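Visitor: Okay, here's the prediction I keep looking at, along with the sequence it came from:
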Amino acid sequence: MKKIYEVIIVGAGPVGCYLGALLRKANVDVALIDERKTIGEPVQCAGIITPRVFSQFHIPKEDIVQQAITGAHITAPDGTTVCIGDSTTRAYSIDRYAFDQYLASEVESLGATIIKKQKVIKVQKQQQMISIQTNKQHIVSAPLIIGADGPYSIIRSMFGFPQPLEIVKGIGAEIQNVEIDPHLVKIYVGKAIAPGFFAWVIPTNKKGTTARIGLCVQSPQKAKPYFEGFC
């Protein structure tokens, strides 16, 4: 394994891979470190994005888009439902695993190195270089380190950067044999369902027979009980 790069990105999710691709296009020698065995697993996302993601970042829709979303049914705490939207595509439900895999393969095809199954355990600054040690005793160095390792960023913690002001805990599942409008997401608000945030049902095929459901709450300990109640 090569030991010295111009930039090391910790985290090979969409942000890390996209940034890595931009740097490679500028001929910067880049390595990405990720603790996962397979990029994109486990899926940790509701899987709905704006159409401009595909146009702005030049990502193909094939094998990634599951269904076009034109609007939403929003249900208030008293049961009142409001429908918003029209025939315009406002969002896409996507296969998040396929999305992540595409971005990872793209950055690798541009010449970046992805170091998988390795967790950063130590970061040390030495003169003009920053060295990273992983749990497998591998040490790589670069003059610039980028933390793209999510809300619980180990890079943020090691460098003493401020913690997030708030983190909401989410939980979700894929369901089948449902009957919903394939073009409309369902959103539920209210403290009885998801205090501090909201719950959702997102169509994932053109027939409206499969969906992705989930919710987020402010208290991490309460996510599972509220999710069980929502189901």
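Guide: Received the coordinates, thanks. Numbers count the residues shown, from 1 in each chain.
Visitor: Now for the one residue sitting closest to the centre of the chain: which residues touch it?
Guide: Nearest to the mean C-alpha position of the chain, counting by Cα atoms, centre = their mean, stands residue 45 at 5.3 Å. With contact set as Cβ atoms under 8 Å, 6 or more residues apart in numbering, residue 45 has these partners: residue 96. Heads up, the C-betas are built off the backbone N, CA and C, glycines and all.
Visitor: neighbouring contacts of stretch 182-189?
Guide: Contacts of stretch 182-189 (Cβ under 8 Å, 6+ apart): 48, 67-77, 83, 85, 91, 93, 180, 194, 198-203, 205-208, 215, 230.
Visitor: Okay, helices next: where are they in this protein?
Guide: Assigned by DSSP state H, the chain shows helices spanning 14-25, 52-57, 96-109, 154-158, 223-230.
Visitor: circling back: tell me the buried residues within the contacts of stretch 182-189.
Guide: Buried subset of those (neighbour count, 16 or more other Cβ atoms under 10 Å): 48, 67-75, 85, 91, 93, 180, 194, 198-203, 208, 215, 230.
Visitor: Okay, and which of those map to strands?
Guide: Judged by DSSP state E, strands contain the following of the buried ones among the contacts of stretch 182-189: 48, 67-69, 71-75, 85, 91, 93, 198-203, 215.
Visitor: Could you give the bridge partners of residue 201?
Guide: Beta-bridge partners recorded for residue 201 (DSSP bridges): residue 186, residue 213.
Visitor: That one reaches residue 180, doesn't it?
Guide: Yes. Counting by Cβ atoms under 8 Å, residue 201 touches residue 180, with 6.5 Å between them.
Visitor: shared neighbours of the two, anything?
Guide: Contact criterion Cβ under 8 Å, 6+ apart; residues shared by residue 201 and residue 180: 186, 211.
Visitor: Let me see the domain layout of the protein.
Guide: What the record gives for the chain is the domain set 7-43+98-158, 53-89+166-230, from automatic domain parsing.
Visitor: highest average neighbour count across the ones you listed?
Guide: Neighbour counts (mean count of other Cβ atoms under 10 Å) averaged over each of the domains of the chain peak at domain 7-43+98-158, with a mean of 18.
Visitor: Quick one, grab the pLDDT at the closest residue to residue 6 other than its chain neighbours.
Guide: Excluding the flanking residues, the one nearest residue 6 by Cβ to Cβ, 6 or more residues apart in numbering is residue 29, at 4.3 Å. The score at residue 29 is 97. That number is its pLDDT.
Visitor: Then residue 154?
Guide: Confidence score, pLDDT, at residue 154: 93.
Visitor: That one touches residue 11, doesn't it?
Guide: No. The pair residue 154 / residue 11 is not scored as a contact, 9.3 Å apart, by Cβ under 8 Å.
Visitor: Identify the contacts common to those two.
Guide: Common contacts of residue 154 and residue 11 (Cβ under 8 Å, 6+ apart): residue 147.
Visitor: show me what contacts the nearest residue in space to residue 50 that is not next to it in sequence?
Guide: Leaving aside its sequence neighbours, residue 50 sits nearest to residue 91 (Cβ to Cβ, 6+ apart; 5.8 Å). Neighbouring residues of residue 91 by Cβ under 8 Å, 6+ apart: 48, 49, 50, 51, 68, 69, 185.
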